[in-house]
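Trainee: coordinates for the following, if possible.
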Amino acid sequence: MRHGQLEQVGVLSSWHHSEEKNETKLELKQPFTSTLRQLFLHTVSQSSPSEQRSSYQTHLSWHSTVPGNISVSLNKQWQTNSSRGQACALFTAPQMVVSSIKGCMSVVQEGSLFSQIAELRWDNRSVKQGMKYQKGPRGMHSLQVNVGLDRVSSAPCPSQTLLAKVQTNLRDRLEHTMVLGFCPPQPALSWSGSHRLNSGQELFYTLSHLSVTGIPHHCSFTLTLTNSSTAQRTNMSLFSESRIGNYSVEVRGSALSWPRGSALDLHATLDHRETVWFNGTVDEQCLQTMTGYRKGPRLHEDLAVAACVGTNHSLMLEVQKKDGRGKSETLGSVALGTANQRLTLRARGCLKSFTAAEELVHFWSSQTCNKLLERIKTFQHLLIEFRRLSRDNQMLQEVSVVPLHALQQAEVLLEKGERDLLVLWQGSLLRHILTDRLPRFLSLLQHASLLGQQELRRPLATLAGVYQDVKGQKLEAVWREAVLQSTDMLVEVLSALLENPQLRPLSQAGVTTLKVALDMVGQQTYHWIETRLASALSGVRKQLASVYKFSPSECSVFVSVPLPKLTQSRMVGAGLMELFLEEWLFRPLQTLYSISPTAELYRLKRRLMDSPFSHQAWLVADQFVVTFDGRLFELPGSCPLVLAKDLSPEASFLLLFNTDSQSLLQIQMYNNTISIQRSGQVKVDCNNMITQTFQSDSGLIVRREANVVKVSNQNGGSVSCDLSLEVCSFTLDGWLHGSSTGLFGTNDNDPGNDFPLRDGSQAKNLEQFFSSWQMKTRCVKNPPTAQHFSKSASCDSLFSSADSPLSSCFRVVEPIQFMSVCRLSSSEAPCRLASAFVHLCQQNYIPLELPVQCIKL
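Mentor: Purely as a prediction, here's the structure:
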């Protein structure tokens, strides 16, 4: 009883069961509290094995302070290779803020395909989710997930979508796509990629693509990395493309390496119209780089830089500029190397070319910076617009602030960096040295070199100028004063003659003539000495000219510095400074200390004397030959050889060596044949024995004096044999220049062609040279004849020792080749070569005698 009314409590329950259906109802009422006054539950389950399906439904409702209803349904259907299931739930509460909530989820499995869909709705909002998974026939697994939010978040962007796809074989292949949409059809962010391992010739491949659509300017970024390396080489490449509307930046790059080198190639393209590229190659010991700029099909310029290090430690650097027509221009080059024991430096480059290269690089950099600034500002505008649209999303605001700050910093850096770098370079010390100090320094060096060479051309005039600067009077005035004093003294001596009226005119004329003669002799002597000194110093002048050359008109400089002769062991065992101090300071001082005044005097005398207007070659002891141009070699075995042969059509001489066992030399001049026997006998035309002198109608003269035999003709050819010294010489006058060939070489003052063959070409080696002038196919080397000398003589004591009796001629005749041949020959070679050396020295006006060690007993 409540408030005068009868209250009842009621409970009603029912259950129904059949083969395929079960149903249950439950109803409860109670008057005691308003929290749960009435409760109703209704469940129904059905199952049909024959149809392979089942379902379950539940409904729950109640009446209370906040009434509500809950409905749940489950459905399932299956077959042999597939199954389906669905579950839904509905909640209603009219008096709540959210009056209705409904959620459903379905699951489908068909073979290897599995899919799932879920949806949740409340009021006018919803969340949708779906997923698909499938395993392909080749082991490929694919997964797709999509999520959609409709009016979930607040304005201005209440809806979002997410789509993600992944495909992989779980071993070496992966592909993915993710699309995130904000307020469709407003901006959508897409990220996709493809990645492979060990696919064909590719060890690694990755492609990533990021794009933003649905905004005024479509934006995208693509990045590709590829590794196509093998066991023999490494090959990696990169490709990236950035797009903002109609703007694009494309970057391509590749890096290769192989056992003997590597290469790098980079290309950057703006809007598919302008391209800037750089490539470099390192191949063994060469570095080659090239950078260029292309705008359209016509405008095409590039700079190429090549640097190479040669096997002989040489260095080459070259900078070239090329245009679109293929025309190349060398802006600068530097070559550093060694040749003939000298360190050489060749450099070429004009200030005009340097300035042109500066302007070209500045143009490229300014064009690139302006284009980049334009794109950075456009991207900034897009980020600012994106931040405005997503101002209610705190996460997107925080994510976008980082790239926006980076773009602002890049803009400031590009605006200030280009100007600052240009100002810094224009005011740098390096540019000042290259454009101002270095040209002035090179000009000063050239002026000093030319001045030194000019002074060496007139050494006496230079000395006279120094004398005038020191004494304050000209050397010519001093000479004239000396001549005047001499004539005055002569006048005092001849005063008695001058007082004689008859002899006075004659005496005065004689004194005047003597004064003029002395003056003329002095001038001629002065000019002769200056000419000879200039000729003697020509080698110094040539050395000075060869050390440094600078040409402002050609913008080139050449430097050549002699290098010390160093062995590899010394270079490894000693420091660089120690080597240079020893070779360029201590060794010259040691050489100066050990210098021979006599040898230097003879060398100066030889330089002052006129060169002999004749050509001379020697045969020494049947063993050695000294050619017309001073080349020395040892003869082969015992066989007939052609020593000299006239090249003219009317041959005037022919020298044959060792034609038979008795003959030493056989000389043919015109129609006569002279044979010089080893016994000392001389025969003409095989019969006439010469004891003193023989003269023919053709002008042939043969003289026999003790141990000396001389043969000559009227055309300038002569043979002289000293049988005691075992030396025979063959002399040709200067006007017969280049007329002889044979083992004696060519008489043309050129040592480079002293090994002629019969056809006029040059022999590649001595064996070919001897074979060309042999008169028999085979030769037998004679056994050495025993000879006795007063003292033992060695190659070192004669040709390298500072105490050698031949050392006074070392500065005129080079002893190195004598030393080399001597060491490879028999024990009798030192004295035989010494005899040839003495004759060479005597020809060059050096009074030298055969060493006592080589005098026969």
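Trainee: strands of the stretch 201-350 of the chain, start to end?
Mentor: 202-213, 219-227, 234-244, 247-258, 261-270, 274-283, 286-295, 299-309, 315-323, 328-339, 342-349 (DSSP state E, counting those that start in this stretch).
Trainee: quick one: closest of the ones you listed to Gln167.
Mentor: strand 202-213 (13.6 Å; C-beta to C-beta). In this view, the C-beta of every residue, glycine as well, is placed from N, C-alpha and C.
Trainee: packing partners of the closest one?
Mentor: Here strand 202-213 touches strand 188-199, strand 219-227, going by 3 or more C-beta pairs under 8 Å, 6 or more residues apart in numbering; DSSP states H and E.
Trainee: partners of the first one, with directions?
Mentor: Read that as strand 188-199. Strand 188-199 has its sheet partners listed here by DSSP bridges as strand 173-182 (antiparallel), strand 202-213 (antiparallel).
Trainee: okay, now the unreliable bits of the stretch 701-850 of the chain?
Mentor: 777-792 (pLDDT under 70).
Trainee: recalculate using a threshold of 80.
Mentor: Along the stretch 701-850 of the chain, the model assigns pLDDT under 80 to residues 706, 724-725, 734, 776-793, 811, 826-828, 843-847.
Trainee: tabulate the helices and strands packed on strand 202-213 in a markdown table, adding columns for mean pLDDT.
Mentor: As requested, the helices and strands packed on strand 202-213 are exported to a markdown table (pLDDT from 0 to 100):
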| stretch | mean pLDDT |
| --- | --- |
| strand 188-199 | 87 |
| strand 219-227 | 89 |
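Trainee: now the helices for the stretch 351-500 of the chain?
Mentor: Taking DSSP state H, counting those that start in this stretch to define them, one finds helices in the stretch 351-500 of the chain at 351-389, 394-426, 429-432, 438-457, 459-471, 475-493, 495-499.
Trainee: quick check: which of the ones you listed is nearest to Leu635?
Mentor: helix 438-457 (43.1 Å).
Trainee: can you pull out the helices in the stretch 751-857 of the chain?
Mentor: 766-773, 795-799, 816-823, 829-843.
Trainee: among those, show me which one is buried the most.
Mentor: For those, the largest average neighbour count (mean count of other C-beta atoms under 10 Å) is found in helix 829-843, namely a mean of 22.
Trainee: want to throw the helices and strands packed on strand 202-213 into JSON lines with mean neighbour count and distance to Leu90?
Mentor: Compiled in JSON lines, those are given as follows (neighbours: other C-beta atoms under 10 Å; distance: least, C-beta to C-beta, whole Å):
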{"stretch": "strand 188-199", "mean neighbour count": "16", "distance to Leu90": "33"}
{"stretch": "strand 219-227", "mean neighbour count": "17", "distance to Leu90": "44"}
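Trainee: just put the ones you listed in JSON lines and tack on distance to Ser551.
Mentor: Output for these, formatted as JSON lines (distance: least, C-beta to C-beta, whole Å):
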{"stretch": "strand 188-199", "distance to Ser551": "60"}
{"stretch": "strand 219-227", "distance to Ser551": "51"}
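Trainee: hang on, the earlier thing: to Ala545, which of the helices of the stretch 351-500 of the chain lies closest?
Mentor: Going by C-beta to C-beta, the one of those nearest Ala545 is helix 438-457, 5.7 Å.
Trainee: coming back round to it: now the helices of the stretch 351-500 of the chain as TSV including distance to Gly716 and mean neighbour count?
Mentor: Putting the helices of the stretch 351-500 of the chain into TSV (distance: least, C-beta to C-beta, whole Å; neighbours: other C-beta atoms under 10 Å) gives the following:
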stretch	distance to Gly716	mean neighbour count
helix 351-389	58	15
helix 394-426	71	12
helix 429-432	66	10
helix 438-457	34	14
helix 459-471	36	14
helix 475-493	42	13
helix 495-499	52	12
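Trainee: out of those helices, name the one with the poorest average pLDDT.
Mentor: Sorting the helices of the stretch 351-500 of the chain by mean pLDDT places helix 495-499 lowest, at a mean of 60.
Trainee: so which of the helices and strands packed on strand 202-213 gets nearest Val309?
Mentor: Short answer: strand 219-227, nearest of the helices and strands packed on strand 202-213 by C-beta to C-beta, at 30.1 Å.
Trainee: what's that closest one packed up against?
Mentor: strand 202-213, strand 234-244.
Trainee: need the ones you listed in JSON lines with distance to Arg458, can you?
Mentor: Shown next, in JSON lines, are the helices and strands packed on strand 219-227 (distance: least, C-beta to C-beta, whole Å):
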{"stretch": "strand 202-213", "distance to Arg458": "76"}
{"stretch": "strand 234-244", "distance to Arg458": "66"}
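Trainee: make a markdown table from those strands and add mean neighbour count and distance to Ser825 to it.
Mentor: Putting those into a markdown table (neighbours: other C-beta under 10 Å; distance: least, C-beta to C-beta, whole Å) gives the following:
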| stretch | mean neighbour count | distance to Ser825 |
| --- | --- | --- |
| strand 202-213 | 16 | 66 |
| strand 234-244 | 17 | 58 |
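Trainee: TSV for those strands, including mean pLDDT and distance to Gln397?
Mentor: Below are the helices and strands packed on strand 219-227 laid out as TSV (pLDDT from 0 to 100; distance: least, C-beta to C-beta, whole Å):
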stretch	mean pLDDT	distance to Gln397
strand 202-213	87	16
strand 234-244	88	21
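Trainee: among these, which comes closest to Ala448?
Mentor: Among the helices and strands packed on strand 219-227, strand 234-244 comes nearest to Ala448, with 53.1 Å by C-beta to C-beta.
Trainee: can you give me the offset of that closest one from its chain's centre?
Mentor: Taking C-alpha atoms, centre = their mean, to the nearest Å, one finds the center of strand 234-244 at 28 Å from the center of the full chain.
Trainee: next: stretch 714-722.
Mentor: Offset of stretch 714-722 from its chain centre (C-alpha atoms, centre = their mean): 58 Å.
Trainee: for it, buried residues please.
Mentor: Neighbour counts over stretch 714-722 (16 or more other C-beta atoms under 10 Å) mark Asn715, Gly716, Gly717, Ser718, Val719, Ser720, Cys721, Asp722 as buried.
Trainee: what does stretch 72-90 give?
Mentor: Residues Val72, Ser73, Asn75, Lys76, Gln77, Arg84, Gly85, Gln86, Ala87, Cys88, Ala89, Leu90 are the ones in stretch 72-90 that count as buried (16+ other C-beta under 10 Å).
Trainee: endpoints of it, how far apart?
Mentor: Stretch 72-90 has an end-to-end distance of 6 Å (C-alpha to C-alpha, to the nearest Å).
Trainee: outside of that stretch, which residues touch it?
Mentor: The contact list for stretch 72-90, computed with C-beta atoms under 8 Å, 6 or more residues apart in numbering, reads 52-59, 69-71, 100-111.
Trainee: apply 7 Å and report the result again.
Mentor: If you take C-beta atoms under 7 Å, 6 or more residues apart in numbering as the criterion, stretch 72-90 is touched by 52-58, 71, 102-111.
Trainee: stretch 668-683 now?
Mentor: For stretch 668-683, the external contacting residues (C-beta under 7 Å, 6+ apart) are 652-654, 662-667, 684-686, 689-690, 696, 698, 700, 702, 704, 709, 711, 713, 717, 721, 723.
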